[in-house]
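Novice: Please find the sequence and the predicted model below.
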Amino acid sequence: MEAKIDELLTLAKKINEKLDYIIPHRQQLLFTSEHKDLSEDDMRLLLELHTHLQKTAITLIKQGNMTANQVASKTHRARAVESTYLNQLESRGYLVSTRIPSKNSGKGGPQKVFKWQPNVGNLRPA
């Protein structure tokens, strides 16, 4: 029994060491000079997000209202990927969207335009 407890303690220490590395590294990615213009509240909210969603959210915070195509061109990811990430952020309460008529007359329906507007009281964890 004591051997199992020692084994569990050793494992817990290893996990703690890895977390000590992972958490500051993740925060360090956000605290770069290119993100110094983000507000403290936005930074706190970004830390709650998974890394893959942070890039999308930061793009929206900096650029304002954007479609999935516009976000994809800034992040250099596929439009379908960004669309999925934007919809995830919207469903969790970080973004709001509106539909506007497409600029390409007759091609496709209205486009969704997203805006960073966290509903702090109703955010769902990422």
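Specialist: In hand now; what should we look at? Numbers count the residues shown, from 1 in each chain.

Novice: And for Asp42, nearest residue in space, chain neighbours not counted?
Specialist: In space, and not counting its chain neighbours, Asp42 is closest to Ile61: 5.7 Å by CB to CB, 6 or more residues apart in numbering. All C-beta spots, glycine's among them, are computed from the backbone N, C-alpha and C.

Novice: in terms of contact count, name the helices or strands touching the helix or strand harbouring Ala80.
Specialist: Using DSSP states H and E, Ala80 sits in helix 79-91. Applying 3 or more CB pairs under 8 Å, 6 or more residues apart in numbering; DSSP states H and E, one finds that helix 79-91 contacts helix 51-63, helix 68-75, strand 95-100, strand 111-116.

Novice: Measure how the last one sits relative to helix 79-91, angle-wise.
Specialist: So the one you mean is strand 111-116. Angle between the axes of strand 111-116 and helix 79-91 is 50 degrees (criterion: axes from the mean of the first three to the mean of the last three CA atoms, to 10 degrees).

Novice: give me the number of residues near the closest residue to Gly109 other than its chain neighbours?
Specialist: Nearest residue to Gly109 in three dimensions, chain neighbours excluded: Ser102, at 6.7 Å (CB to CB, 6+ apart). Ser102 has 13 neighbouring residues, counting by other CB atoms under 10 Å.

Novice: got it, and Asn119?
Specialist: 12.

Novice: okay, the closest residue to it other than its chain neighbours: pLDDT?
Specialist: The shortest distance from Asn119 to any non-neighbouring residue, by CB to CB, 6+ apart, is to Gly93 (4.3 Å). Predicted confidence (pLDDT) for Gly93: 92.

Novice: Can you get me the centre-to-centre distance for the helix holding Ala80 and its chain?
Specialist: Centroid displacement of helix 79-91 relative to its chain, using CA atoms, centre = their mean, to the nearest Å, is 10 Å.

Novice: Going by neighbour count, list what's buried in it.
Specialist: By 16 or more other CB atoms under 10 Å, the buried positions in helix 79-91 come out as 82-83, 85-86, 88-90.

Novice: From those, pick the one nearest Asn122.
Specialist: Nearest to Asn122 out of those is Glu90 (CB to CB; 12.0 Å).

Novice: quick one on the thing from earlier: closest one to Leu38 among the helices and strands packed on helix 79-91?
Specialist: Shortest distance between Leu38 and these, using CB to CB, is found for helix 51-63: 6.2 Å.
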